[in-house]
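Trainee: Got a predicted model here, sequence first, then my questions.
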Amino acid sequence: MSGKLTSKGQVTIPIAVREELGLQPGDEVDFIVEDGAAKIVRAASHGQRGQRIVARLRGRGDVPMTTDEIMALTRAD
């Protein structure tokens with residue numbers, strides 16, 4: 001199987017390869033380069049994207065309320 005690289009460096013993964021790897025839209029993949037060849041594999045950990053987002057947002061909250069105050073708002077009548 002072959003593909004064509006776009007000017008943006010993108011290539012479509014053939015459907016047979018996506019099916020063989022069980023890849024769905026939004027799935028993350030890793031690229032392994034060895035001896036001048038590239039291999040595409042399913043990303044090792046499925047939580048990586050979420051972990052990166054949480055790490056980027058951690059400590060950025062600016063709400064001057066305690067957790068108890070926020071919880072009280074959610075329980076208010």
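Mentor: On my side now, so go ahead. Numbering: from 1, shown residues only.

Trainee: Poorly predicted segments of the chain, please.
Mentor: Within the chain, the stretches with pLDDT under 70 are 45-49, 77.

Trainee: Where do the helices of it begin and end?
Mentor: Defined through DSSP state H, the helices belonging to the chain, from first to last, are 15-21, 48-57, 67-75.

Trainee: What's the separation between Asp68 and Thr74?
Mentor: Counting by C-beta to C-beta, to the nearest Å, the gap between Asp68 and Thr74 amounts to 11 Å. Glycine gets a C-beta too; all of them are placed from N, C-alpha and C.

Trainee: which one of the helices of the chain lies closest to Ser7?
Mentor: For the helices of the chain, proximity to Ser7 was assessed by C-beta to C-beta; helix 15-21 is nearest, at 22.3 Å.

Trainee: What are the buried residues along the closest one?
Mentor: By neighbour count with 16 or more other C-beta atoms under 10 Å, helix 15-21 contains no buried residues.

Trainee: mind checking how far that helix is from the chain centre?
Mentor: Using C-alpha atoms, centre = their mean, to the nearest Å, we find the averaged C-alpha position of helix 15-21 to lie 19 Å away from the chain's own average C-alpha position.

Trainee: helices or strands up against it?
Mentor: Judged by 3 or more C-beta pairs under 8 Å, 6 or more residues apart in numbering; DSSP states H and E, the packing partners of helix 15-21 are strand 37-42.

Trainee: who touches the strand it packs on?
Mentor: Identification of contacts with strand 37-42 by C-beta atoms under 8 Å, 6 or more residues apart in numbering yields Ile13, Val17, Leu21, Gly22, Leu23, Asp27, Glu28, Val29, Asp30, Phe31, Ile32, Val33.

Trainee: Swap in 10 Å and give it another go.
Mentor: Under the criterion C-beta atoms under 10 Å, 6 or more residues apart in numbering, residues 11, 13, 17, 21-23, 27-33 lie in contact with strand 37-42.

Trainee: And stretch 8-23, by the same measure?
Mentor: With C-beta under 10 Å, 6+ apart as the criterion, stretch 8-23 contacts 1-6, 24-25, 27, 29, 40-43.

Trainee: measure that stretch end to end?
Mentor: With C-alpha to C-alpha, to the nearest Å as the measure, the first residue of stretch 8-23 is 22 Å from its last.
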